[in-house]
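# how would this look folded up:
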Amino acid sequence: MPQLRIALAQVNATVGDLSGNASLVVDWTRKAREGGAHLVVFPEMVLTGYPVEDLAIRTSFARASAEALEELARTLDDAGLGSVAAVVGYLEHDSVGPRNAVGVLHGGRVVARQSKHHLPNYGVFDERRHFKPGASLDIVRINGVEVGMAICEDLWQDHGPTSALGDAGVDLVVSPNASPYERNKDDQRLPLVARRAAEAGAPLVYCNLVGGQDELVFDGDSLVVAEDGQLIGRAPQFVEHLMLVDFDLPEGSEYEQGQIGDFYMRRVFVSDAVAAYEPLPAPRVFEPLSDEAEVWHALVTGLRDYVHKNGFRSVVLGLSGGIDSAVVAALAVDALGADSVYCVSMPSSYSSEHSKSDASDLAQRTGLHFSTEPIGDMVSTYVSQLSLTGLAEENIQARCRGMLLMGLSNQHGHLVLATGNKSELAVGYSTIYGDAVGGYAPIKDVFKTLVFGLARWRNTEAEKRGEVPPIPENSITKPPSAELRPGQVDSDSLPDYDLLDSLLTQYVDGDRGYDDLISAGFSSELVDRVLRMVDKAEYKRRQYPPGTKISVKAFGRDRRLPITNGWREG
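Residues are numbered from 1 along each chain as shown. Modelled structure (predicted):
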């Protein structure tokens, strides 16, 4: 029986960095060859990064991608790696238009090419805008094994490419993916891959991208599944990883080409069966992370890659002593290291002593840079000159803090982090050009109740490792407050967060209407109040910084509603 050793290269690519991504492919192909692999599979569009968005329709970029693929094939061969077949995702452009494609590189040449057939156009995906669909499937004979390919969304289609590959009699299916993370998505992947393996009648290798790209984060979680659905190997989440797996498979069928269903099958010969070799132990099956751990790692990965891939060396944020800024500071320390995190306490006349002391306590616990810049005189100047009162006086405090942070950013090159959460963004409980300033918003897609849960989880993890918990207990237990007027707490303006987040989850994430929410048990008074706040705040959300997506429907890429909008639920 032919033997085939496959490497799954779960790597972190950068959008637009063709030379850097090509070097990444070379480095990991070398690791695969050192492990004895005959075939290495990289994620979807690894050469260009993903998603390329409107770069896809820029002919110069598509041409550069296609040229980079040809050059990469030669570079691999020159480096002594040409004997390893490499499945590399890239951007193709032919007479029809741009295509999301994979090439098989071997012996210094691109021996096979295949374009994605099903182009997702929901949620964060706009692939019908950016790509043209493929119409053929390449089956590549490697070491006597017939290997078929299915790119990401092609795997999610019932009776799609994997079914056609099964009808063609492939021995193995490889699937390059760039599947963005959202909570509990790993629970969907394994059953899906198991179904497609059964449909193809062959083992299936699923290699996913890892790392952050603007609002999106990719968690890896690559899989190898047997024909009967048994999990053979699973990669860890949120880290680059090479997984090696051996297959003993029946001798492949004769080379034939032709139409099967909706697809034209092309057969490509690479190599016949090789001599038997000593098989590796079964690959490790890494357990998925717990919910809080998964979210925390997603937020750390998204923040780290946004900072590093955009050329920043440090971040700055306002540290108020409250839960949101405490969690963002702790995330930043985990993502970048304490020496790259600068926090500023900006007390006004309404700031409590515990807010100042809690902020200082967190700085001591984590070792980040900390300074205090009172804003009382700045606020007084605006208030007295403009005769500000009420809400205008409250908001000028937040705006003075925003200007102070942006001044430090300009002076020292820090990236400003906004600390607002999804609950606040949903109902407009933020000051535009105030606490909403910044270049990135790490917890933008995290409801307030989950912010508390993450703080408790992170402290518990620190205690397990014998470390000092980063977040002061008082920041977790005290009532949330913006402290913009005497004795202010969030509950003065908002429902209890447990109740609010429950309703927002259904209205924002679930797109449920007024009648659905009433049927779910929410009072009409609460629904009227909250929906009015959410709908009126769209203009604020449109101007908020990007932040890591963790939910099924994040503000921005996922949830796209008009600002000028006469429709109201109820």
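# Next up, the contacts around the nearest residue to Ala235 once chain neighbours are set aside.
The shortest distance from Ala235 to any residue other than its chain neighbours is 4.1 Å, reached at Ser222 (C-beta to C-beta, 6 or more residues apart in numbering). For glycine as for every other residue, the C-beta is placed from the backbone atoms N, C-alpha and C. Contact partners of Ser222, counting by C-beta atoms under 8 Å, 6 or more residues apart in numbering, are Leu8, Gln10, Asn177, Tyr206, Cys207, Asn208, Arg234, Ala235, His241, Met243.
# I'd like to know how far the second one sits from Ser349.
Looking back up the chat, that one is Gln10. 52 Å (C-beta to C-beta, to the nearest Å).
# If you count surrounding residues, which of those two has more?
Gln10 (29 against 12; other C-beta atoms under 10 Å).
# So what does the more buried one look like in phi/psi?
The phi/psi pair for Gln10 (degrees, to the nearest 10) reads phi -80, psi 100.
# There's contact between Asp186 and Pro236 in this structure, I believe.
No. Counting by C-beta atoms under 8 Å, Asp186 stays clear of Pro236, with 11.1 Å between them.
# Spit out the residues that contact these two alike.
Common neighbours of Asp186 and Pro236 (C-beta under 8 Å, 6+ apart) are Asp221.
# So for the lowest-mean-pLDDT helix or strand in the chain, what gets flagged as buried?
When the helices and strands of the chain are scored by mean pLDDT, DSSP states H and E, strand 258-260 comes last with a mean of 81. By 16 or more other C-beta atoms under 10 Å, the buried positions in strand 258-260 come out as Ile260.
# distance between the longest helix along the chain and the chain's centre?
Ranked by number of residues, the top helix in the chain under DSSP state H is helix 390-412. Offset of helix 390-412 from its chain centre (C-alpha atoms, centre = their mean, to the nearest Å): 30 Å.
# Kindly report the same for stretch 61-75.
Per C-alpha atoms, centre = their mean, the centroid offset for stretch 61-75 relative to its chain is 26 Å.
# C-alpha coordinates for that stretch, CSV please?
Taking C-alpha atoms only, stretch 61-75 is exported to CSV below (Å, rounded to 0.1, in the frame of the first residue of the first chain):
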residue,chain,number,x,y,z
PHE,A,61,-1.6,42.9,-7.0
ALA,A,62,-3.1,39.9,-8.7
ARG,A,63,-0.3,39.8,-11.2
ALA,A,64,2.3,40.2,-8.5
SER,A,65,0.7,37.3,-6.6
ALA,A,66,0.8,35.0,-9.6
GLU,A,67,4.4,35.9,-10.3
ALA,A,68,5.3,35.3,-6.7
LEU,A,69,3.8,31.8,-6.9
GLU,A,70,6.0,30.9,-9.9
GLU,A,71,9.1,32.4,-8.1
LEU,A,72,8.2,30.6,-4.9
ALA,A,73,8.2,27.2,-6.8
ARG,A,74,11.7,28.0,-8.1
THR,A,75,12.9,29.2,-4.7
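# what sits up against that stretch?
Counting by C-beta under 8 Å, 6+ apart, 16, 18-19, 22, 25-26, 47-48, 52, 55-56, 82, 88, 90-93, 98, 103, 105-106, 108-110 sit against stretch 61-75.
# same deal with stretch 368-385?
Taking C-beta under 8 Å, 6+ apart as the rule, stretch 368-385 contacts 319, 329, 332-333, 338-339, 341-349, 356, 359-360, 362-363, 388, 393, 396-397, 400-401, 403-404.
# From the residues you listed, list just the buried residues.
Applying 16+ other C-beta under 10 Å to these flags 319, 329, 332-333, 338, 341-348, 356, 359-360, 362-363, 393, 396-397, 400-401, 404 as buried.
# Could you tell me which residues within stretch 399-413 count as buried?
Arg399, Cys400, Arg401, Gly402, Leu404, Leu405, Met406, Leu408, Ser409.
# Identify, from the residues you listed, the entry nearest to Gly35.
Checking these against Gly35 with C-beta to C-beta, the nearest one is Ser409 at 44.6 Å.
# and the least confident helix or strand of the chain, how far from the chain's centre?
So, by C-alpha atoms, centre = their mean, the centroid of strand 258-260 is 37 Å from its chain's centroid.
# Residue ranges in the stretch 251-400 of the chain under the pLDDT threshold?
251-256 (pLDDT under 70).
# Can you show me the helices along it?
291-309, 323-336, 353-366, 376-386, 390-412 (DSSP state H, counting those that start in this stretch).
# could you give the angle of the first one to helix 323-336?
Put simply, helix 291-309 runs at 60 degrees to helix 323-336, going by axes from the mean of the first three to the mean of the last three C-alpha atoms, to 10 degrees.
# Who are the packing partners of helix 291-309?
strand 210-213, strand 216-219, helix 323-336, helix 448-464 (3 or more C-beta pairs under 8 Å, 6 or more residues apart in numbering; DSSP states H and E).
# Going by neighbour count, list what's buried in it.
For helix 291-309, using 16+ other C-beta under 10 Å, the buried residues are 292-309.
# and if you look at the shortest one?
When burial is assessed from 16+ other C-beta under 10 Å, helix 376-386 yields the following buried residues: Met378, Val379, Tyr382.
# measure the second one to Leu319 for me?
Distance of Val379 to Leu319, computed by C-beta to C-beta: 18 Å.
# Since that was my last question, I'll sign off now.
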